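Participant: okay, sequence plus prediction incoming.
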Protein chains: 2
Amino acid sequence: MMNEFELIHRLTRSLPTNETVVTGAGDDCAVLDVGLPDRFLLFKTDSVVEGIHYDPATPAEKIGHKALGRCLSDIAAMAGTPSAALVTIALPHKFDIHFVEGIYQGINALAREHAVAVVGGEMTRNPERTLVSIAMLGFAPRGKAILRSGAKPGDALFVTGELGGSLTGKHLEFEPRLVEARWLAEHFSIHAMLDLSDGLASDLRHILNASHVGAEVLAKAIPIAREARRMAKSESSAKPPLLAALTDGEDFELLFTVASRDAVLVLDAWKKQFPKLKLSCVGRINSGEGISIRDKDGVRPLTAHGYVHFA
Amino acid sequence: MMNEFELIHRLTRSLPTNETVVTGAGDDCAVLDVGLPDRFLLFKTDSVVEGIHYDPATPAEKIGHKALGRCLSDIAAMAGTPSAALVTIALPHKFDIHFVEGIYQGINALAREHAVAVVGGEMTRNPERTLVSIAMLGFAPRGKAILRSGAKPGDALFVTGELGGSLTGKHLEFEPRLVEARWLAEHFSIHAMLDLSDGLASDLRHILNASHVGAEVLAKAIPIAREARRMAKSESSAKPPLLAALTDGEDFELLFTVASRDAVLVLDAWKKQFPKLKLSCVGRINSGEGISIRDKDGVRPLTAHGYVHFA
């Protein structure tokens, strides 16, 4: 069976388009020119499904937080500003009103933090499990939405925060990097950016494919989250920490590239602006294909995929 | 257990808002002022679920047609013009690629008819059944989106097409009344409008509640679809045709009100403009509460509800 990415490629080859479309399927958000002199419109949907994206015992507020947070993270990946959301909740026939109210509380609290209006939505039935889908609108300065396709050989590759072990808790509580992404885009020429959802080893390939470049990643530079180290120690069957950081997914951190001459400037300015959030230069874009990883034993292809849906 | 409408009322009492919101939850679409001098943005999501909104044996193209058509019908209900759509498909782990391609073919064909761009979306898992959710953007002339809240006592109440029996086929093949709705809004002062999804006896109440008015419906004026009459004849357990027309739902016809002095003008102009599509004056808005129905035996309250989700 083809995987998610192959299927999406096949489905998106010949989609209907019109004069408003700047960037259609294939980036973090669709980018639309609706005639605003200074801004492009961003448009995105994302969903979470019980038993797939969260455990059935998850508190309702966290389900709502995650559902909205995922969409906000995609707006961040374009260096955009979110504006309005619609909420679709599909529910079994019998459900607890307080559960639904809890989902909305999680959504509403995060929406208020980012001045996002929740302008309606839909309730429908899904007999076996709950599904929450968010549709999101946002804006980016005209011509300045950061795409996946702008990486250039020689670029430095950066990642925010720490990676791996997200399923122990962060995936339900993460803060979308909206402020950080806009600051980056306002102060530097960001060549390409996305948010990490399937893991660096998988998601970096989207930048490479869209930009027709390769990348070399430095093993020792990968910021490994404490949770990934803890899991590796406590469970004999757990992934080694580095593999967890590269492939666990659900990090919702920013991965971006800048020209190598800007690399030190970005790092220094970041430390002053966001002293509590790590920024790591984890590698370099090259003119090759795919990802190679450099560690103490040398350079080899990085074959460890992140989580690939439908694989 | 509270029904769908009571739950939605409870959830939408205190949603986050911002300066872009013209009309939030509670109408056919959200209406947003994003700074376009001449237009408002319309924003809507709607979904169809296997076994709920369509039979599992339904051809994939028709599932796609219905999913997009429902959203387009909501844009029509505001007299808007649709512009861009995102497609979310939630699927069991094992699925047929041709099934997914068929859904897209149904979506894409209808999208092309109305110059709608399909700008991406998402594939996710829903182990037990397929769910298709559409997020839709459209536009209405600034200040001229037709809401549900503008009906006035004395208004004539109109409905397009014929009602009832939709589940025999029309619900999968209906044409959203986009052209007709825009023509109406351009040529007449339409006070209130929506599209019929749950049945006239249910949906009319949304106009009445939003406008703080009542309505009297004329039984003999209700345009009953041939399928509703046929079902009543062939199945002894079927609803009487009039009840089917009032409560079957999934008609996706327009229900609207105009000042009584415009009623004959609307009917005459409509016949010239859309000779193949029936337009019926089915009653009158009054200053009372709820719906009454007049037939040969007199006037009585219309208690027959349309299909109410979660009831």
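Facilitator: Nice, thanks for sending it over. Numbering: from 1, shown residues only, chains lettered A, B, ... in the order given.
Participant: ramachandran coordinates for the residue lying closest to residue A:39 once chain neighbours are set aside?
Facilitator: In space, and not counting its chain neighbours, residue A:39 is closest to residue A:139: 4.6 Å by C-beta to C-beta, 6 or more residues apart in numbering or on different chains. For every residue, glycine as well, the C-beta is placed using N, CA and C. Backbone torsions of residue A:139, given as degrees, to the nearest 10, read phi -130, psi 150.
Participant: residues near residue A:139, how many?
Facilitator: For residue A:139, the count of nearby residues is 21 (other C-beta atoms under 10 Å in any protein chain shown).
Participant: contact partners for it?
Facilitator: Contacts for residue A:139 (C-beta atoms under 8 Å, 6 or more residues apart in numbering or on different chains) come out as A:36, A:39, A:40, A:41, A:42, A:80, A:81, A:83, B:34.
Participant: what's opposite the second one in the beta bridge?
Facilitator: What that stands for is residue A:39. With DSSP bridges as the criterion, residue A:39 is bridged to residue A:141.
Participant: quick one, what contacts it?
Facilitator: A:139, A:140, A:141, A:142, B:35.
Participant: switch the cut-off to 7 Å
Facilitator: By C-beta atoms under 7 Å, 6 or more residues apart in numbering or on different chains, the contact set of residue A:39 is A:139, A:140, A:141, A:142.
Participant: just these now: which is nearest residue A:188?
Facilitator: Here the nearest of the contacts of residue A:39 to residue A:188, counting by C-beta to C-beta, is residue A:141; it sits at 14.2 Å.
Participant: that older thread, max pairwise distance over the contacts of residue A:39: which two?
Facilitator: A:139 and A:142 (9.3 Å).
Participant: identify the contacts common to these two.
Facilitator: Counting by C-beta under 7 Å, 6+ apart, the shared contacts of residue A:139 and residue A:142 are A:39, A:40.
Participant: next to chain B, which bits of the stretch 51-200 of chain A? Give me the list.
Facilitator: Within the stretch 51-200 of chain A, the residues that sit near chain B (C-beta under 7 Å from any C-beta of the partner chain) are A:52, A:83-84, A:86, A:88, A:90, A:97, A:100-101, A:104, A:108, A:111-112, A:115-126, A:128, A:131, A:133, A:135, A:137.
Participant: so what's the residue count around residue A:256?
Facilitator: For residue A:256, the neighbour count with other C-beta under 10 Å is 29.
Participant: likewise for the one 5 residues further on?
Facilitator: Burial of residue A:261, expressed as a neighbour count using other C-beta under 10 Å, amounts to 9.
Participant: try residue A:82
Facilitator: A total of 26 residues lie near residue A:82 under the criterion other C-beta under 10 Å.
Participant: one more: the one 4 residues further on?
Facilitator: Summarising burial for residue A:86: neighbours were counted as other C-beta under 10 Å, giving 26.
Participant: does the nearest residue to residue A:182 once chain neighbours are set aside sit in a helix, a strand or a coil?
Facilitator: Closest residue to residue A:182 apart from its sequence neighbours, by C-beta to C-beta, 6+ apart: residue A:79 at 5.5 Å. Under DSSP: H, G, I helix; E, B strand; the rest coil, residue A:79 falls in the coil class.
Participant: got the contact list for stretch A:223-234?
Facilitator: When contacts are defined by C-beta under 7 Å, 6+ apart, stretch A:223-234 is touched by residues A:159, A:161-165, A:168, A:238-242, A:244-245, A:248, A:278, A:280.
Participant: mind doing that once more with 10 Å?
Facilitator: A:159-170, A:222, A:237-246, A:248, A:251, A:253, A:278-280, A:282 (C-beta atoms under 10 Å, 6 or more residues apart in numbering or on different chains).
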